[in-house]
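>>> got a predicted model here, sequence first, then my questions.
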Amino acid sequence: MDAMVIGQILLMIAIFYFLMIRPNQQRAKKEKAFEAALKIGDKIITKAGIHGKIAELSETTVIIETMAGKIKMEKSAISLEMSAKLAEKK
(Lines give C-alpha, C1' and ligand atoms only; values in the text may rest on other atoms or scores of the structure.)
Protein backbone atom coordinates (compact mmCIF):
# COMPACT_ATOMS: atom_id res chain seq x y z
CA MET A 1 0.00 0.00 0.00
CA ASP A 2 2.78 2.44 0.87
CA ALA A 3 4.59 1.70 -2.40
CA MET A 4 1.41 2.56 -4.34
CA VAL A 5 1.06 5.90 -2.58
CA ILE A 6 4.70 6.77 -3.21
CA GLY A 7 4.31 5.70 -6.84
CA GLN A 8 1.23 7.90 -7.26
CA ILE A 9 3.01 10.88 -5.71
CA LEU A 10 6.00 10.39 -8.01
CA LEU A 11 3.65 10.11 -11.00
CA MET A 12 1.91 13.36 -10.01
CA ILE A 13 5.27 15.12 -9.68
CA ALA A 14 6.36 13.85 -13.11
CA ILE A 15 3.09 15.00 -14.71
CA PHE A 16 3.39 18.40 -13.04
CA TYR A 17 6.96 18.74 -14.32
CA PHE A 18 6.13 17.88 -17.94
CA LEU A 19 2.94 19.94 -18.09
CA MET A 20 4.00 23.03 -16.14
CA ILE A 21 7.70 23.46 -15.41
CA ARG A 22 9.35 22.18 -18.59
CA PRO A 23 7.26 24.27 -21.05
CA ASN A 24 8.02 27.42 -19.03
CA GLN A 25 11.75 26.64 -19.10
CA GLN A 26 11.63 26.13 -22.88
CA ARG A 27 9.71 29.39 -23.40
CA ALA A 28 12.25 31.31 -21.28
CA LYS A 29 15.10 29.77 -23.30
CA LYS A 30 13.47 30.87 -26.58
CA GLU A 31 12.93 34.41 -25.25
CA LYS A 32 16.59 34.71 -24.22
CA ALA A 33 17.72 33.51 -27.66
CA PHE A 34 15.33 36.01 -29.29
CA GLU A 35 16.67 38.88 -27.17
CA ALA A 36 20.25 37.93 -28.02
CA ALA A 37 19.46 37.83 -31.74
CA LEU A 38 17.94 41.32 -31.90
CA LYS A 39 19.78 43.76 -34.15
CA ILE A 40 19.49 47.37 -35.24
CA GLY A 41 16.81 47.81 -37.88
CA ASP A 42 14.59 44.92 -36.73
CA LYS A 43 10.89 45.73 -36.71
CA ILE A 44 9.36 44.68 -33.41
CA ILE A 45 6.22 44.86 -31.29
CA THR A 46 6.44 45.32 -27.53
CA LYS A 47 4.31 43.45 -25.01
CA ALA A 48 2.38 46.72 -24.58
CA GLY A 49 1.55 46.71 -28.30
CA ILE A 50 3.92 49.46 -29.43
CA HIS A 51 5.21 48.98 -32.98
CA GLY A 52 8.65 50.23 -33.88
CA LYS A 53 12.10 49.64 -35.28
CA ILE A 54 15.22 49.14 -33.18
CA ALA A 55 17.42 52.23 -33.42
CA GLU A 56 20.03 51.42 -30.74
CA LEU A 57 20.97 48.38 -28.65
CA SER A 58 22.76 48.01 -25.34
CA GLU A 59 23.24 45.13 -22.91
CA THR A 60 19.72 45.17 -21.42
CA THR A 61 17.91 48.06 -23.11
CA VAL A 62 16.89 49.10 -26.60
CA ILE A 63 15.87 52.40 -28.13
CA ILE A 64 12.88 51.95 -30.38
CA GLU A 65 12.01 54.39 -33.11
CA THR A 66 8.23 54.84 -33.42
CA MET A 67 6.06 57.24 -35.36
CA ALA A 68 5.86 59.38 -32.20
CA GLY A 69 9.60 59.47 -31.58
CA LYS A 70 12.17 57.34 -29.80
CA ILE A 71 11.46 55.26 -26.70
CA LYS A 72 13.98 53.56 -24.43
CA MET A 73 12.85 50.26 -22.88
CA GLU A 74 14.08 46.92 -21.60
CA LYS A 75 14.79 44.14 -24.09
CA SER A 76 12.50 41.89 -22.07
CA ALA A 77 9.55 44.16 -22.99
CA ILE A 78 9.74 43.03 -26.62
CA SER A 79 7.21 40.34 -27.48
CA LEU A 80 8.64 37.22 -29.08
CA GLU A 81 5.27 35.99 -30.40
CA MET A 82 3.98 39.28 -31.82
CA SER A 83 7.35 40.23 -33.34
CA ALA A 84 7.58 36.79 -34.98
CA LYS A 85 4.11 37.29 -36.52
CA LEU A 86 5.21 40.71 -37.79
CA ALA A 87 8.30 39.16 -39.40
CA GLU A 88 6.16 36.50 -41.11
CA LYS A 89 4.00 39.17 -42.78
CA LYS A 90 7.02 40.58 -44.68
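Looks like it arrived, so ask away.

>>> CA only for contacts and neighbour counts going forward, please
Noted.

>>> next, count neighbours for Gly69.
Using other C-alpha atoms under 10 Å, Gly69 has 8 neighbouring residues.

>>> oh, that last question was meant for Gly49, not what I typed.
By the criterion of other C-alpha under 10 Å, Gly49 has 12 neighbours.

>>> and it, that's in a helix?
No - using DSSP: H, G, I helix; E, B strand; the rest coil, the assignment for Gly49 is coil, not a helix.

>>> before we move on, what SS does the residue positioned nearest the centre of the chain have?
Closest residue to the average C-alpha location of the chain: Glu31 at 3.4 Å, with C-alpha atoms, centre = their mean. Taking three-state DSSP as the rule, one finds Glu31 in the helix state.

>>> distance of it relative to Leu10?
Relative to Leu10, Glu31 is positioned 30 Å away (criterion: C-alpha to C-alpha, to the nearest Å).

>>> ditto for Ile63
From Ile63 over to Leu10 (counting by C-alpha to C-alpha), the distance is 48 Å.

>>> mind listing what's buried in the strand or helix carrying Ala84?
When secondary structure is defined using DSSP states H and E, the element that contains Ala84 is helix 80-88. Residues of helix 80-88 classed as buried: 80, 82-83 (neighbour count, 16 or more other C-alpha atoms under 10 Å).
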